Each structure stands twice: as structure tokens, then as C-alpha cells.
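In: Provide a 3D model corresponding to the input given below.
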Amino acid sequence: QVQLVESGGGLVQPGGSLKLSCTASGFTFSFYWMNWVRQAPGKGLEWVSAISVAGGSTDYAESVKGRFTISRDNAENTLYLQMNSLKPEDTAVYYCAKDSITNLYSGDFASWGQGTPVTVSP
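Out: Residues are numbered from 1 along each chain as shown. The predicted structure is shown next:
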């Protein structure tokens with residue numbers, strides 16, 4: 001059974017930093033591209049970032065490029081999102097999501113965690 005458990009969210013002031021983690025189980029983590037997706041209050045889902053199976057390729061939404069860094073530790077089955085220079089508009093629930101096919105990026109997110117809330121406010 002696939003499980004994705006996010007942690008690390010919280011309240012932070014504008015300009016601050018947070019590091020999110022997502023611990024995976026129930027599947028071979030190193031076989032799948034992984035993603036971070038967020039949902040701001042009252043808004044739809046927004047894809048944030050993706051990382052390839054070995055971590056050599058990454059991609060970011062324009063809204064977070066240069067401020068967020070995605071990474072993974074396949075030995076620990078853990079996905080990370082380092083968020084720097086946070087802005088109030090980064091306030092959202094952040095989800096990690098597993099791609100639906102092995103080794104390639106499809107953009108079809110087969111499994112999601114429960115999310116971790118991030119609030120950026122003075």
C-alpha cells in the first residue's frame with residue numbers, strides 16, 4: 001500500500017525558510033519521479049516542482065524558481081522541498097505526489113500524501 005507522509009510545515013514570517021519532508025513507503029521510491037503540489041486557500045492545485053528518479057533532473061514552477069529546491073534521498077525513501085525567501089502567496093497546503101509510471105515523467109500523479117500546511121505571515 002502506497003503511503004506518502006509529509007511533514008515540516010508551519011508558520012513562518014515573510015523572507016523566512018522551511019524544509020518540507022515526505023517519507024514514502026509501500027513502493028520502490030527510486031523508480032518514480034516525485035513532485036510537490038500545493039493548494040492555496042480557496043484556490044486550485046498548483047504544481048510546484050518535480051525531480052527525476054535519481055535526482056539528476058529537476059523542474060520548478062516559475063512562481064518558486066530560484067527560491068525552492070527539491071531533492072530526494074533514495075536510501076531513506078524521502079523527498080524534500082527547501083523553501084527560502086518565503087512570501088505570503090506561498091501560503092498553502094503542500095502535498096507530495098508520486099508519478100504513475102516508473103522512470104519517466106507523466107504528470108499523472110497516482111498517489112498523494114495528506115499534505116502539510118505552510119503559512120507565511122508577519
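In: quickly run through the sheet partners of the helix or strand bottoming out on mean pLDDT in the chain, with directions.
Out: Counting by mean pLDDT, DSSP states H and E, the chain has its least confident helix or strand at strand 109-112, which shows a mean of 89. For strand 109-112, the pairing partners within the sheet under DSSP bridges are strand 92-99 (antiparallel).
In: before we move on, back to that, buried stuff in the following helix or strand past the least confident helix or strand of the chain?
Out: From strand 109-112 onward toward the C-terminus, using DSSP states H and E, the following helix or strand is strand 116-120. Of the residues in strand 116-120, 116, 118-120 count as buried by neighbour count, 16 or more other CB atoms under 10 Å. (Glycine included, C-beta is placed from N, CA and C.)
In: same question for stretch 52-71.
Out: 52-53, 60, 64, 68-70.
In: could you pull out the strands for the chain?
Out: Secondary structure of the chain by DSSP state E: the strands cover 3-7, 10-12, 18-25, 34-39, 45-51, 58-60, 68-73, 78-83, 92-99, 109-112, 116-120.
In: and these, which one averages the lowest pLDDT?
Out: Among these, strand 109-112 has the lowest mean pLDDT, at a mean of 89.
In: any idea which residue sits dead centre in this structure?
Out: Centrality entry for the chain: nearest residue to the mean C-alpha point is residue 36, 2.5 Å, by CA atoms, centre = their mean.
In: the least confident helix or strand of the chain: which residues count as buried?
Out: Across strand 109-112, burial judged by 16+ other CB under 10 Å covers 109, 111-112.
In: format those as CSV; extra columns: distance to residue 82.
Out: Supplementary listing: the buried residues of strand 109-112 in CSV, determined by distance: CB to CB, whole Å:
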residue, distance to residue 82
109, 21
111, 23
112, 21
